[in-house]
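S.K.: Give me a model of this one.
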Amino acid sequence: MNTLDYAVLLVTLLSIAAYGMWATRGRRDLSGYLKGAGDTRWLTIGLSVMATQASAITFLSTPGQGYQDGLGFVQNYFGAPLALIVIAMVFLPIYRRLNVYTAYEFLGKRFDQKTRLLGAALFLVQRGLGAGITIYAPAIVLSTVFGWPLNPTIIYSGLLVTLYTVVGGSEAVNLTQKYQIGVIFAGMVAAFFVLLAKLPAGLGFGDALTIAGGMHRLEAVDFAVVTDKRYTFWTGLLGGGFLALSYFGTDQSQVQRYLGGASLRESRLGLMFNALFKIPMQFFILLLGVLVFVLYQFERPPVFFNEAAWRRVAAEGGGEKLRAIEADFAVAHVAEQQQLDAWLAAKRRSDGAATEAARAASLAAHQRVEAVRDRAKEAMAPTPGKKSNDGDYVFITFILHYLPHGVIGLLVTVFFAAALSSKAGELNALASTSVVDFYRHVIRAGASDRHYVIASKCFTGFWGLFAIAVALLAHLSENLIQASNILGSLFYGVPLGIFLVAFFLKRIGGTAVFWAAIVSLGLVWTLYATLSISYLWYNVIGCASCMILAAMLQLFTRRAAAATL
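M.R.: So this is what the prediction gives:
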């Protein structure tokens, strides 16, 4: 990055943060601080919901997922539109009718205090850890690539977003997210057109898709009925649907975004905006990764995309081994290029038999290239016998090597803007839940709005510092987008079960659902430690077990009570 890139980065981020603090200065009432002015329109709600969910992990890691595995990850979101429709029809009207600050207030009204506090506590634990990942994800990659010190990168970015969230509350989050998501979209569209321009002369978009399809990168839908495959149509529709239903319907970081709508209609339209555009957005980001994959079939990529780590291992005594891998990779990559040229030539001659033969030869050549890359990943792994994952570094490597200055600054701004917008929503929700469900309800009831606003700001600062601490201690071995979804899947199913019991099973009381939730949490975590199934299924398992156990416990207690009469 040069001076122009840093100028784009700093001016954009500081301007948005300063605007958010200025526009929302002087908030004194609790409702305005936690929910906004109550006049938010549907587009702002829709963009705010999208920005809170789409963190830097989405834009940094998802293209790497597309590069490595193709479009199949998009199946993870197939259940989201249906989930958002259910939330708009069932959850949202109840929340607005009860005029709650948090989703967990509803649990207190429907069940009892312990169930309310359990739901709120699960959110605070999961989202507090998630906020740390939100900071850590871009910081670890960008600090590695640019040589920035990791800990200061985490601390400065965390303090910036904590500051303007403390000052402005929910309305500052909504205002800044609207502009941050605009920067994000502009940056990703710019990357798309640069990618098309960087493809070899004579290689059009159609040819690029032909190559990607021949290399199995366009297989977006898999109807296989298996449980151990992470991404299939069924895991996405069912497991992903339950994950989306829980995240958008019971996670306060999302619920708070649409509670401040000017009307029920505005809030519903904001949710429908996401139902309509969520899958296309994820598809587009994955497609960027697929196009990067095609580009690197003609342009020699690094053997290992985390080039800083590669140089460090080479300097620490692994140089001879890594140089041998690089030499083998160069030979394999040239052979693959030759086969690809033959494939495209046969396709342009409309020679069907020759085209198929050349495609098969190209795929075999690519597999040899990947075999060398697997050797590189094993050489870079901290533990013998495992592979190091460099997918999170694919997109940032492309940006630095192929984009012009200024656009590089814009794309790096995208990652930080996404991190800040997502973390702002999380901090605002963490503070709301801490104050409304714990502090005001358990510790200090009956205080003034001014007191609770001050308490909310203090809790926002606390959770900001907590997230920074988690980020400083974090170590992620998974692809970041997968790590984030795994964390959510281990927590989200059970709270969804609690809420579905509250909405639809009117005869079940708080004690039954409370203990059912505790047992279900233990079941989910035990199964995750012992089984090898797609993590998306844990959303279904957690939700179903909570509902079934609650019904059984309620029936048992009624029979026990009847027997004593």
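
S.K.: If Gly261 is in a bridge, with which residues?
M.R.: Going by DSSP bridges, Gly261 is paired in beta bridges with Thr40.

S.K.: isn't it right up against Ser267?
M.R.: Yes. With contact defined as Cβ atoms under 8 Å, Gly261 and Ser267 form a contacting pair (3.4 Å). In short, each C-beta sits where N, CA and C put it, glycine included.

S.K.: Please enumerate the shared neighbours of those two.
M.R.: Jointly contacting Gly261 and Ser267 under the rule Cβ atoms under 8 Å, 6 or more residues apart in numbering are Trp42, Ile45.

S.K.: residue contacts, the residue lying closest to Val414 once chain neighbours are set aside?
M.R.: Closest residue to Val414 apart from its sequence neighbours, by Cβ to Cβ, 6 or more residues apart in numbering: Gly187 at 3.7 Å. Counting by Cβ under 8 Å, 6+ apart, Gly187 makes contact with Phe59, Leu410, Leu411, Thr413, Val414.

S.K.: do you know how far Arg507 is from Leu107?
M.R.: Applying Cβ to Cβ, to the nearest Å, the value for Arg507 to Leu107 is 16 Å.

S.K.: my bad, should have said Val372
M.R.: Taken as Cβ to Cβ, the span from Val372 to Leu107 is 54 Å.

S.K.: Next: Leu344.
M.R.: Distance, Leu344 to Leu107, using Cβ to Cβ: 60 Å.

S.K.: Just want to know which of these two has more residues nearby.
M.R.: Applying other Cβ atoms under 10 Å to Leu344 and Leu107 shows that Leu107 carries more neighbours, namely 29 against 20.

S.K.: Quickly find the element holding the residue nearest to Val414.
M.R.: Secondary structure from DSSP states H and E places Gly187 in helix 150-198.

S.K.: quick one: average pLDDT of that helix?
M.R.: Mean pLDDT, computed over helix 150-198, is 77.

S.K.: helices or strands next to the helix or strand that that helix is followed by in the packing?
M.R.: Counting by DSSP H and E, the next helix or strand C-terminal to helix 150-198 is helix 205-214. Judged by 3 or more Cβ pairs under 8 Å, 6 or more residues apart in numbering; DSSP states H and E, helix 205-214 is in contact with helix 264-298, helix 319-348, helix 352-380.

S.K.: The longest one: what's the following helix or strand?
M.R.: Once the chain leaves helix 264-298, the next helix or strand it forms, by DSSP H and E, is helix 307-313.

S.K.: contacting residues around the nearest residue to Leu238 once chain neighbours are set aside?
M.R.: Nearest residue to Leu238, sequence neighbours excluded (Cβ to Cβ, 6+ apart): Val540, at 5.8 Å. Contacts for Val540 (Cβ under 8 Å, 6+ apart) come out as Leu238, Gly239, Phe242, Gly493.

S.K.: List the residues that contact the last one.
M.R.: The contact partners of Gly493, taken as Cβ under 8 Å, 6+ apart, are 242-243, 246, 520, 524, 538-544, 546.

S.K.: Just give me the neighbour total for the closest residue in space to it that isn't next to it in sequence.
M.R.: Excluding the flanking residues, the one nearest Gly493 by Cβ to Cβ, 6+ apart is Gly542, at 2.3 Å. For Gly542, the count of nearby residues is 28 (other Cβ under 10 Å).

S.K.: who are the neighbours in contact with Gly542?
M.R.: Tyr492, Gly493, Val494, Leu496, Gly497, Ser520, Leu521, Leu523, Val524.

S.K.: neighbours around the first one, how many?
M.R.: Tyr492: 28 surrounding residues under other Cβ under 10 Å.

S.K.: Tell me which helix or strand it sits in.
M.R.: Taking DSSP H and E as the criterion, Tyr492 maps to helix 480-504.

S.K.: Buried residues, whichever helix or strand comes after that helix. List them.
M.R.: Next along the chain after helix 480-504, taking DSSP H and E as the criterion, comes helix 510-530. For helix 510-530, burial by neighbour count (16 or more other Cβ atoms under 10 Å) applies to 510-517, 520-521, 523-524, 527-528.

S.K.: Val86: which of those is nearest?
M.R.: Distance ranking of the buried residues of helix 510-530 against Val86, using Cβ to Cβ, places Val513 first at 19.7 Å.

S.K.: Roughly how far does the closest one sit from Leu107?
M.R.: Distance from Val513 to Leu107, by Cβ to Cβ: 9 Å.

S.K.: Now for the two: what residues contact both?
M.R.: Contact criterion Cβ under 8 Å, 6+ apart; residues shared by Val513 and Leu107: Thr115, Ile498, Ala502.

S.K.: got a winner among the residues you listed for most neighbours?
M.R.: Neighbour counts for those (other Cβ under 10 Å) peak at Ile498, which has 30 neighbours.

S.K.: so what's that residue up against?
M.R.: Applying Cβ under 8 Å, 6+ apart, we find Ile498 in contact with Leu107, Thr115, Leu118, Gly119, Thr250, Val513, Ala517, Cys546.
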